[in-house]
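> quick check, what structure comes out for this input:
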Amino acid sequence: MPIGRFRRQTAFALACAVLALLACFLLFLTSCGGSVARLEPDAAADEERERSREFLAGREAPVYSYEVIEVYAHGSEDFTEGLVMDGGILFEGTGLRGQSRLIKTDLRSGEVLDVLELDPEYFGEGVTVLGGEVFQLTYTSGLGFVYDRDSLELKRSFSYASEGWGLTHDGKSLIMSDGGPALYFLDPASGTETGRVNVSDNLGPLSDLNELEYVAGEIYANIWHTSLIAIISPASGDVTGWVDLAGLNPDPSRLRGEYVLNGIAWVEESGHLLVTGKNWPHIYEIRLSPPSL
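Have a look, this model is predicted:
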């Protein structure tokens with residue numbers, strides 16, 4: 001055999017052997033590392049639960065757990081800022097400049113009934129429905145919008161001095177959060193502030209009040225960057241309970257940082273809550289479980 005051909009065949013054989021060894025090595029890593037990869041979401045979920053435990057340590061209000069009743073599809077591109085059910089229709093406000101929308105959906109069928117795109121300069125925030133009108137806040141523009149519930153046609157706007165975060169109502173007044181410990185009561189016709197309460201518990205003032213929902217005489221508030229909902233007395237601002245939703249996040253290793261729990265809607269007919277998060281692929285219908293004694 002000519003020496004050149006021998007060298008070429010030897011080099012080819014060595015290359016094949018190296019590739020085979022590399023393939024075996026990668027297969028070994030996959031088989032050994034598969035359990036590590038599978039543990040990642042569990043580790044992230046454990047970390048989430050630990051953060052809840054640390055946050056709740058020393059707080060005296062009772063803590064409710066939850067049971068998932070139903071799971072619905074949710075747009076994973078929707079950066080949820082506000083969520084409310086009205087007459088069987090889900091209204092959702094989303095954020096981020098250039099991506100902020102007001103979305104009207106039939107929850108049961110998943111059909112999107114209407115979508116309103118906000119001007120790119122606005123960062124959409126909390127939404128609520130009162131008296132046939134949909135109210136939507138913006139983050140730093142100091143401006144809220146009021147739409148017709150059925151057509152989503154813009155009817156008017158109103159202004160406020162703080163940032164806009166969460167929004168709900170008690171049947172008479174709008175109730176707004178701005179990320180601090182205060183809840184503001186606004187006249188729905190003018191947007192004028194008519195009162196406020198400062199939220200606190202036995203450890204002091206409670207900040208980062210985000211998305212809001214008025215539920216059977218109390219205010220439920222997402223606490224930003226946590227898996228917790230505070231239950232608040234609208235009369236005193238006292239925290240009367242907590243809902244710990246740690247473990248609900250569908251992908252805690254990826255959906256973290258800004259992509260955490262945010263969005264509460266009350267289904268009055270069943271007494272259940274709808275909850276979701278920013279860019280989460282699901283909305284969860286949950287029933288609260290009484291605190292363990």
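> residues in contact with stretch 134-154: which ones?
With contact meaning C-beta atoms under 8 Å, 6 or more residues apart in numbering, stretch 134-154 is reached by 82, 86, 91, 93, 95, 100, 102, 104, 114, 116, 118, 121-129, 132-133, 155-167, 169, 174, 176, 188, 191. For glycine as for every other residue, the C-beta is placed from the backbone atoms N, C-alpha and C.
> just the ones in strands from those, please.
Secondary structure of the contacts of stretch 134-154 is defined by DSSP state E; positions in strands are 82, 86, 91, 93, 102, 104, 114, 116, 124-129, 133, 155-159, 167, 169, 174, 176.
> using PyMOL, make a named selection holding only the buried ones among the contacts of stretch 134-154.
The following PyMOL command selects only the buried members of these, with burial defined by 16 or more other C-beta atoms under 10 Å:
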select buried, resi 82+86+91+93+95+100+102+104+116+118+122+123+124+125+126+127+128+129+158+160+163+164+165+166+167+169+174+176+188+191
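> could you list the low-pLDDT ranges of the protein?
When residues are selected by pLDDT under 70, those of the chain lie in 1-41, 253, 256, 292-293.
> give me that answer again for 90
Under the criterion pLDDT under 90, the flagged ranges of the chain are 1-52, 75-77, 87, 97-98, 108-110, 225, 246-261, 279-280, 289-293.
> for stretch 178-187, buried residues please.
Residues 178, 179, 180, 181, 182, 183, 184, 185, 186 are the ones in stretch 178-187 that count as buried (16+ other C-beta under 10 Å).
> distance of the fifth one relative to residue 233?
In this structure, residue 182 lies at 14 Å from residue 233, with C-beta to C-beta, to the nearest Å as the measure.
> likewise residue 82?
In this view, residue 82 and residue 233 are 22 Å apart by C-beta to C-beta.
> contacts for the longest strand along the chain next, please.
The single longest strand within the chain, with elements called by DSSP E, is strand 63-73. Contact partners of strand 63-73, identified using C-beta under 8 Å, 6+ apart, comprise 56, 107, 110, 231, 241-245, 248, 272, 274, 281-292.
> which of these fall in helices?
Residues of the contacts of strand 63-73 located in helices (DSSP state H): residue 56.
> now the contacts of strand 63-73: which count as buried?
For those, buried by 16+ other C-beta under 10 Å: 56, 107, 231, 241-245, 248, 272, 274, 281-286, 288.
> return the subset of the residues you listed lying in strands.
Secondary structure of these is defined by DSSP E; positions in strands are 231, 241-244, 272, 274, 282-286, 288.
> from the residues you listed, which two are the most distant?
Pairwise distances across those peak at 24.6 Å for 241 and 282 (criterion: C-beta to C-beta).
> now intersect the buried residues of stretch 178-187 with the strands, please.
Members of the buried residues of stretch 178-187 lying in strands (criterion: DSSP E): 182, 183, 184, 185, 186.
> using TSV, lay out these together with distance to residue 215.
Written out in TSV, the entries for these read as follows (distance: C-beta to C-beta, whole Å):
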residue	distance to residue 215
182	20
183	14
184	19
185	17
186	19
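> closest to residue 252 out of those residues?
Taking C-beta to C-beta as the measure, residue 252 sits nearest to residue 183 out of those, at 28.9 Å.
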